[in-house]
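Colleague: one predicted model, sequence on top.
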Amino acid sequence: MIQVLSNRTFAALFGAQVVALLGTGLLTVALGLLAYDLAGDRAGLVLGTALTIKMVAYVGLSPVAQALVQRLPRKAVLVGADLIRAGVALCLPFVSEVWHIYTLIFALQAASATFTPAFQATIPDVLPDEGDYTRALSLSRLAYDLENLLSPALAGLLLTVLSYSWLFLGTVLGFAFSAALVWRAAVPVVKDDSAQRPFRERLTRGIRIYLATPRLRGLLALNLSAAAVGAFVLVNTVVIVRGGYAGSEADLALAMAAFGAGSMAAALMLPRLLDHLADRRVMLAGAQGLVLVALILSGVLLWGGLPGWRIYLLTLAVMGFLYASVLTPSGRLLRRSAHAEDRPAVFAAQFALSHACWLIAYPMAGWAGQALGMGVALLILGVLALVGLIIALRVWPA
């Protein structure tokens, strides 16, 4: 897997992704502490609203941003989006009102909604060989999971000697370094005749290609399955660990690390697995397993109470493995489904539509967990994941 880093352009872009992710991780910790300073016991509501704004920006702005910047050089778009994110993060330490947080988060996520699809669409041009591209996708998955593990630890270490406001400076540096690495990379220039099309056509082209392609309709349904179970884990694990098991913050970190470790194990195995098995078979098997584990665990929570702590950690690891098995190969499907000039539009459509699934699943996980209990919440989300799986089987023929 590591051999793809011998490609200097990909190595620079991967480095940019890693430092930007670390900056984002520090931002998450600092934002929680800032929200508590401003809102006290209402900090959870503030953060929940900020997350909703993030998802709305991703869903609503990604296709618009891609259509607007399509005539600009891709490197300039990536560097400009990183610099905007750095500038917004630089403003956060000076926030004094809750609405300031909402405004700045919207601006930050609007820049991310521009950067991420353009970045993802660049990698297939850098690594035209499918085997290399598959390994790059697995490295990207590893980077996300390692960020979830390392960023809180790094933030905790820095908070022993600095106030949380300085964490925002780490975010600024992360985005600034990302911009510098992208600027130094030899980003391929793709001839794009579609940039001359009318704005309305550029705005809708990605989604029209996406929804007209059977494998991508199947991918959207599988995104719903992954988001349903993933949202339960991300939203309700803290309640289960702290409330159900009376665990400490360290126990919560261990539970999330178990989910991340399962995801990393899948990322390490998938390149070789996908050399021998079709994407459809791997992704559907992952979704089937995810639905099965979710429904079994919901039954245990409803009728048997919480499982033993070690069994719960093992279950989270299995969920993480199956979750990554569904999502990691998605870039391969997108790459095969569009010409080079259409890839930014198709990746933007995937970015928007996949986050629309999370926009459904996040509130459902929080509301059902609060109002109906964890067992019923996981049952509802497991059934939603099953619906996604059934749709995928119907719309994505073998």
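Modeller: Sure, I can see it.
Colleague: quick one, phi psi at P307?
Modeller: phi -70, psi 170 (degrees, to the nearest 10).
Colleague: so what pLDDT did the nearest residue to it once chain neighbours are set aside get?
Modeller: Nearest residue to P307, sequence neighbours excluded (C-beta to C-beta, 6 or more residues apart in numbering): V300, at 5.6 Å. The way it works is simple: take the backbone N, C-alpha and C, and place the C-beta from them, glycine included. You'll see V300 listed with a pLDDT of 92.
Colleague: contacting residues around V300?
Modeller: Counting by C-beta atoms under 8 Å, 6 or more residues apart in numbering, V300 touches L306, P307, G375.
Colleague: got a list of what the second one touches?
Modeller: Contacts of P307 were listed using C-beta under 8 Å, 6+ apart, and they are L297, V300, T315.
Colleague: what is the burial count for the first one?
Modeller: Here the count is done by other C-beta atoms under 10 Å, and L297 has 25 residues near it.
Colleague: which SS class is it?
Modeller: helix (DSSP: H, G, I helix; E, B strand; the rest coil).
Colleague: could you do R335 as well?
Modeller: Using three-state DSSP, the structure places R335 in helix.
Colleague: and L162, by the same measure?
Modeller: Using three-state DSSP, the three-state assignment for L162 comes out as coil.
Colleague: report how many residues lie close to it.
Modeller: 13.
Colleague: ok, back up a step: for the contacts of P307, which one is nearest R8?
Modeller: Compare each of those with R8 using C-beta to C-beta and the shortest gap goes to T315, at 41.4 Å.
Colleague: how about that closest one: what's its closest non-neighbour residue?
Modeller: The shortest distance from T315 to any residue other than its chain neighbours is 5.9 Å, reached at L297 (C-beta to C-beta, 6+ apart).
Colleague: quick one: residues contacting the one you found.
Modeller: With C-beta under 8 Å, 6+ apart as the criterion, the residues that contact L297 are P307, T315, L378.
Colleague: redo those as TSV? Include distance to L333 and pLDDT.
Modeller: Output for these, formatted as TSV (distance: C-beta to C-beta, whole Å; pLDDT from 0 to 100):
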residue	distance to L333	pLDDT
P307	35	90
T315	28	95
L378	28	94
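Colleague: let me have these in a markdown table, adding distance to I123 as columns.
Modeller: What follows is those, written out as a markdown table (distance: C-beta to C-beta, whole Å):
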| residue | distance to I123 |
| --- | --- |
| P307 | 40 |
| T315 | 33 |
| L378 | 35 |
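Colleague: which stretches of the stretch 151-300 of the chain form helices?
Modeller: Using DSSP state H, counting those that start in this stretch, the helices of the stretch 151-300 of the chain run over 165-184, 199-212, 214-239, 249-276, 279-303.
Colleague: out of those helices, name the one with the poorest average pLDDT.
Modeller: Of all these, helix 199-212 carries the lowest average pLDDT, namely a mean of 77.
Colleague: show me which residues of that one are buried.
Modeller: Using 16 or more other C-beta atoms under 10 Å as the test for burial, helix 199-212 gives R202, L203, R205, G206, I207, I209, Y210.
Colleague: dump these into a markdown table; add distance to V19 as well.
Modeller: Shown next, in a markdown table, are these (distance: C-beta to C-beta, whole Å):
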| residue | distance to V19 |
| --- | --- |
| R202 | 31 |
| L203 | 31 |
| R205 | 32 |
| G206 | 28 |
| I207 | 31 |
| I209 | 32 |
| Y210 | 30 |
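Colleague: list just the nearest of the residues you listed to S96.
Modeller: For the buried residues of helix 199-212, the nearest to S96 is L203 (36.9 Å; C-beta to C-beta).
Colleague: what's the burial count for the nearest residue to the closest one once chain neighbours are set aside?
Modeller: In space, not counting the residues next to it along the chain, L203 is nearest to A67; the distance is 4.3 Å by C-beta to C-beta, 6+ apart. By the measure other C-beta under 10 Å, the count of residues near A67 is 24.
Colleague: for A67, I want the exact helix or strand it lies within.
Modeller: Assigned by DSSP states H and E, A67 belongs to helix 43-69.
Colleague: tell me which residues of that helix come out buried.
Modeller: Neighbour-count burial for helix 43-69, counted by 16+ other C-beta under 10 Å, picks out 43, 46-47, 49-51, 53-55, 57-67, 69.
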